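# sequence plus predicted model, see below.
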Amino acid sequence: MRIRATVAAVTGALALSALVIPSAAQADDAHRSTVSDVARAAQSTVAGSGAKSGARSLAAESVPGQLDLTFSKFTVNGGKPIAVGTTATKTVPTTFTVTHAADVNIFASDFALDVSLYRGSFNDPTNELYGDAAPTCKAVSSTVATCKGQIAISPQYDLIGNADATTWKAGGFAVDFNGQDPANPDVSKIDFALQEGLGTARVQRLSKLTVDAAPEPVKKGKTITVTGKLSRASFDDLKYHGYATQPVKLQFRKKGSSTYTTVKTIKSSSTGTLKTTVKASVDGYWRYSFAGTATTPAVSAAGDFVDVK
């Protein structure tokens with residue numbers, strides 16, 4: 001689960017003339033917890049008081065602490081899976097719409113909102129992913145705003161293990177601190193909104209594929225041995241390991257052509273290695289190509305040129 005503390009907020013005065021709130025103005029290193037944590041704590045306080053929480057459906061109700069605010073039209077990474085390696089932080093864009101009551105000022109200086117990806121239950125997630133920068137929101141009416149944000153995934157700090165290579169759900173959260181210090185608020189005095197199930201996103205283990213065709217050059221009719229290795233990131237130890245017993249296509253592209261043709265399909269070994277032989281006929285490029293799985297994205301090796309004499 002994320003160790004770095006981040007808070008996503010929208011700030012500024014509400015203006016309908018295409019107001020855009022810059023995310024740079026929203027960073028605050030003094031915050032010691034995420035907005036989602038604060039919102040969940042506030043929800044627990046309301047539930048403990050015996051008031052109806054209604055956090056799953058945020059329609060307007062006379063509920064202490066609840067904001068009349070909903071999230072919709074959520075997207076992350078353009079709908080594509082998120083492939084994460086072993087070192088670099090993977091940052092992908094999010095978009096969403098916020099609809100709120102006219103008396104809810106999401107652009108106030110003490111108002112914060114964002115979306116996250118979570119695994120497990122929404123109220124007590126096994127893991128949760130956030131952005132490293134707050135969203136930028138634009139008012140399109142007195143009650144609707146469109147927002148653009150991000151999800152940032154650091155393999156070292158944000159991922160628990162290979163179980164994180166799965167489908168995640170998206171949730172939204174908003175907090176009106178009502179003039180309190182966001183770093184240490186009294187959660188019984190804030191207003192909040194929580195919404196689960198906005199959409200889904202698949203996190204995958206980044207894959208790598210190599211190829212080496214030899215000998216080079218080679219006489220026509222002689223044997224070419226094509227070796228390689230299929231590997232993928234491990235979130236358990238942050239290293240790449242061979243991906244065993246996976247179907248991989250050997251493909252060839254004739255010199256002067258732009259199209260690869262599949263020659264045969266083989267399976268990777270128990271350690272991810274690949275090896276097969278073909279007969280040399282014409283000059284061209286050899287490569288391996290992997291179609292991918294639910295946990296691992298597709299990948300193709302760069303072509304290895306063989307000069308046939």
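Yep, that arrived. Numbering: from 1, shown residues only.

# would you map the strands across the stretch 201-309 of the chain?
For the stretch 201-309 of the chain, the strands defined by DSSP state E, counting those that start in this stretch cover 207-214, 223-233, 240-242, 247-254, 261-267, 273-279, 284-290, 299-300, 304-306.

# isn't K90 right up against A152?
Yes. K90 lies in contact with A152 (Cβ atoms under 8 Å); the separation is 7.3 Å. No exception for glycine: its C-beta is placed from N, CA and C like everyone else's.

# how many residues are close by S154?
Number of residues near S154 (other Cβ atoms under 10 Å) recorded here: 18.

# quick check on it: phi, psi?
phi -90, psi 120 (degrees, to the nearest 10).

# residues contacting the nearest residue to it once chain neighbours are set aside?
Distances taken as Cβ to Cβ, 6 or more residues apart in numbering put T89 closest to S154, at 4.5 Å, once the chain neighbours are dropped. For T89, the contact set (Cβ atoms under 8 Å, 6 or more residues apart in numbering) comprises D132, A152, I153, S154, P155.

# report the separation between T89 and N184.
Taking Cβ to Cβ, to the nearest Å as the measure, T89 falls 28 Å from N184.

# and if you look at L117?
As judged by Cβ to Cβ, L117 and N184 stand 27 Å apart.

# swap in N105?
From N105 across to N184, the span is 22 Å (Cβ to Cβ).

# look at these two and report which has more neighbours.
Using other Cβ under 10 Å, the more surrounded residue of N105 and N184 is N105, with 15 against 10.

# was I right about the more buried one contacting V98?
No. Counting by Cβ under 8 Å, N105 sits too far from V98 to count as a contact (11.9 Å).

# now stretch 122-136: mean pLDDT?
The pLDDT scores in stretch 122-136 average 94.

# now do that stretch: distance from first to last residue.
This stretch, stretch 122-136, spans 24 Å end to end (Cα to Cα, to the nearest Å).

# that concludes my questions; thank you for your assistance.
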